[in-house]
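Undergrad: okay, structure incoming, though there's no sequence with it:
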């Protein structure tokens with residue numbers, strides 16, 4: 001099973017500009033906001049570049065300062081600050097719009113991906129794509145990229161102005177900046193490496209925490225708190241060690257950067273002071289140079305951060321594109337045949353979840369209209385897989401399933417699933433109210449009368465009416481606030497509401513108490529009337545009452561017929577009945 005851990009090799013891949021632009025274009029962003037934000041940032045940068053020049057005049061003519069100069073300085077300071085703030089707001093809105101559209105596109109993609117994708121992908125990995133990777137793309141697009149553009153303008157603008165002011169002072173700085181960059185390069189590379197390792201460790205910890213906490217009842221019932229605590233301690237300790245290395249590196253890097261800047265500042269100040277004393281440089285020009293020095297160094301660190309973000313975003317872009325490129329479950333089939341009175345058949349159906357491990361072998365079966373067909377056999381024989389193929393969660397490796405004379409793969413998928421009512425072993429429930437779970441997936445409006453009618457048919461109206469909020473009762477995650485029998489009856493009521501032509505039941509009464517089992521069986525009996533019903537049987541009475549039984553063993557049909565016929569013709573079935581039901 002793939003891990004959601006974002007390995008370093010993935011994140012360090014070369015940034016693919018074409019892939020990044022293609023991904024952003026796919027959500028049709030408002031590029032005018034990006035252009036406007038960058039434009040405002042450029043004007044703000046230009047204003048900041050003018051300030052040192054005015055400061056020079058301010059110092060040199062201190063005794064003859066004019067109101068115009070002071071006003072101009074104040075206006076430039078305020079306008080630069082306001083324009084920078086406006087640029088940040090516009091770019092922030094642009095970035096949030098992009099990430100919202102990207103997450104929406106990813107969310108819709110996930111909902112339409114085939115079931116096989118979710119079989120092979122951890123929940124934590126899916127969450128990481130939706131949250132972390134999209135945020136990384138937004139950060140580059142709305143923050144790092146615009147800042148880098150204005151930083152480049154600031155760098156070269158400062159450099160050009162400084163050259164025109166004094167090429168000798170500029171030459172010292174021009175030679176010093178590359179040397180500073182080279183000196184800090186090993187530290188910056190180490191910082192990037194630690195940052196990526198921390199991201200990997202956080203992703204792994206987040207995934208494992210999600211998996212463990214989502215199955216907290218299994219953890220507690222298995223007395224596995226100590227085991228999971230130890231596993232968590234290891235991952236937290238790994239994060240702690242990475243954090244310690246990061247803290248140590250920062251404690252070295254920040255003072256080192258400050259020291260380097262101070263040495264350059266003092267060196268330039270000393271050289272400038274000598275020039276001032278020799279009257280070859282004015283005091284105002286020296287102060288202006290020192291102001292430009294800071295405007296020159298800041299972009300160097302911004303650009304280095306930009307390349308760091310590129311490496312991260314490259315991995316995020318690649319992972320998002322991998323999801324978006326997976327084929328949707330939706331097929332191009334558009335047939336909507338009337339299936340009432342049609343028989344369902346499987347013709348030489350074989351299936352494997354993965355190559356070389358075949359689950360079903362040449363399955364042939366027929367379910368006639370308004371009949372009950374039971375599937376019996378040892379656990380793991382392939383009964384649930386047959387149900388999954390009929391639901392079209394998977395496609396047969398070979399052979400076909402037909403309704404009447406129509407291959408079900410040629411039928412519109414939404415239309416086909418509307419014809420099927422599935423009551424599974426787990427009776428899956430969504431967080432929310434009883435009403436929301438009853439009407440889940442329905443596009444038509446359902447009246448209060450209809451809801452209570454189907455609850456009555458499912459023998460669920462009694463316990464629902466006794467609840468304080470009745471239909472508005474919150475049932476918790478996976479319906480945890482309901483008993484097993486209550487969940488089953490809500491699922492049966494939901495099936496009544498759908499009124500399907502084909503009913504598929506995976507009986508789950510074995511784990512219920514006798515009273516709940518009796519109620520569920522009565523509800524199922526009502527639900528199966530006048531419908532084509534397929535049942536994975538766990539009770540002898542279901543097997544005996546079925547019109548036809550298919551005995552599934554090791555992915556093959558070992559025999560089919562009525563209970564009495566199979567007892568005589570299929571020794572494996574007779575042995576299974578004796579072992580399972582002591583009959």
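TA: Sure thing, it's come through. Everything numeric here is computed off the predicted structure, so don't read it as measured data.

Undergrad: run through the strands of this protein in chain order.
TA: 344-354, 357-367, 372-376, 398-403, 406-407, 420-423, 502-506, 532-536, 548-553, 556-561 (DSSP state E).

Undergrad: minimum distance to residue 47: which of these has it?
TA: Closest approach to residue 47 among the strands of the chain is made by strand 344-354 (62.5 Å; Cβ to Cβ). Bear in mind the C-beta positions are built from the backbone N, C-alpha and C, glycine included.

Undergrad: tell me which strands that closest one pairs with, and in which orientation.
TA: As defined by DSSP bridges, the strand partners of strand 344-354 come to strand 357-367 (antiparallel), strand 398-403 (antiparallel).

Undergrad: between the ones you listed, which one is nearest to residue 351?
TA: Using Cβ to Cβ, these put strand 357-367 closest to residue 351, at 4.3 Å.

Undergrad: which outside residues touch that closest one?
TA: Residues outside strand 357-367 that contact it (Cβ atoms under 8 Å, 6 or more residues apart in numbering) are 343-353, 373, 382, 385-386, 389, 396-397, 399, 532, 534, 548, 550, 554-557, 560.

Undergrad: select the longest helix from the protein.
TA: helix 225-277 (DSSP state H).

Undergrad: state the mean pLDDT of that one.
TA: On average, the pLDDT along helix 225-277 is 77.

Undergrad: work out the gap between it and the centre of the chain.
TA: Its chain's C-alpha centre and that of helix 225-277 lie 33 Å apart, by Cα atoms, centre = their mean, to the nearest Å.

Undergrad: elements contacting that helix?
TA: If contacts are counted by 3 or more Cβ pairs under 8 Å, 6 or more residues apart in numbering; DSSP states H and E, helix 225-277 sits against helix 167-214, helix 283-324.

Undergrad: one more time with 10 Å, if that's ok
TA: helix 167-214, helix 216-221, helix 283-324 (3 or more Cβ pairs under 10 Å, 6 or more residues apart in numbering; DSSP states H and E).

Undergrad: what subset of the contacts of strand 357-367 is buried?
TA: Buried subset of those (neighbour count, 16 or more other Cβ atoms under 10 Å): 344-346, 349-352, 373, 382, 385-386, 389, 396, 399, 532, 534, 548, 550, 555-557, 560.

Undergrad: run a quick neighbour tally on the spatially closest residue to residue 246 that is not a sequence neighbour.
TA: Take residue 246 and drop its neighbours on the chain: the residue closest to it by Cβ to Cβ, 6 or more residues apart in numbering is residue 194, 5.0 Å away. Neighbourhood size, residue 194 [other Cβ atoms under 10 Å]: 18.

Undergrad: then residue 54?
TA: 17.

Undergrad: contacting residues around it?
TA: When contacts are counted by Cβ atoms under 10 Å, 6 or more residues apart in numbering, residue 54 touches 69-70, 72-73, 76-77, 284, 288.

Undergrad: and it, what pLDDT?
TA: At residue 54, the pLDDT recorded in the model is 72.

Undergrad: again, but for residue 57
TA: So residue 57 comes in at 63 (pLDDT).

Undergrad: got it, and the one 10 residues further on?
TA: Per-residue confidence (pLDDT) for residue 67: 71.

Undergrad: over to residue 37?
TA: Residue 37 is given a pLDDT of 84.

Undergrad: about what we covered before: pretty sure the residue nearest to residue 246 sits against residue 239.
TA: No: using Cβ atoms under 10 Å, residue 194 makes no contact with residue 239, being 11.7 Å away.

Undergrad: how close does residue 361 get to residue 560?
TA: The gap separating residue 361 from residue 560 is 15 Å, by Cβ to Cβ, to the nearest Å.

Undergrad: nearest to residue 573, out of the strands of the chain?
TA: strand 548-553 (4.6 Å).

Undergrad: okay, now the sheet partners of that closest one, with direction.
TA: Strand pairing for strand 548-553, using DSSP bridges, gives strand 372-376 (parallel), strand 556-561 (antiparallel).

Undergrad: next, format those strands as TSV and append distance to residue 151.
TA: Converted to TSV, those look like this (distance: least, Cβ to Cβ, whole Å):
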stretch	distance to residue 151
strand 372-376	67
strand 556-561	69
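
Undergrad: now distance to residue 96 and mean pLDDT too, for those, in TSV please.
TA: Output for those, formatted as TSV (distance: least, Cβ to Cβ, whole Å; pLDDT from 0 to 100):
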stretch	distance to residue 96	mean pLDDT
strand 372-376	51	84
strand 556-561	56	82
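
Undergrad: out of the strands paired with strand 344-354, which comes closest to residue 32?
TA: Comparing the strands paired with strand 344-354 by Cβ to Cβ, strand 398-403 comes nearest, at 51.8 Å.

Undergrad: how far does the closest one sit from its chain's centre?
TA: 34 Å.

Undergrad: pull out the buried positions in it.
TA: Those would be 399, 401-403, for strand 398-403 by 16+ other Cβ under 10 Å.
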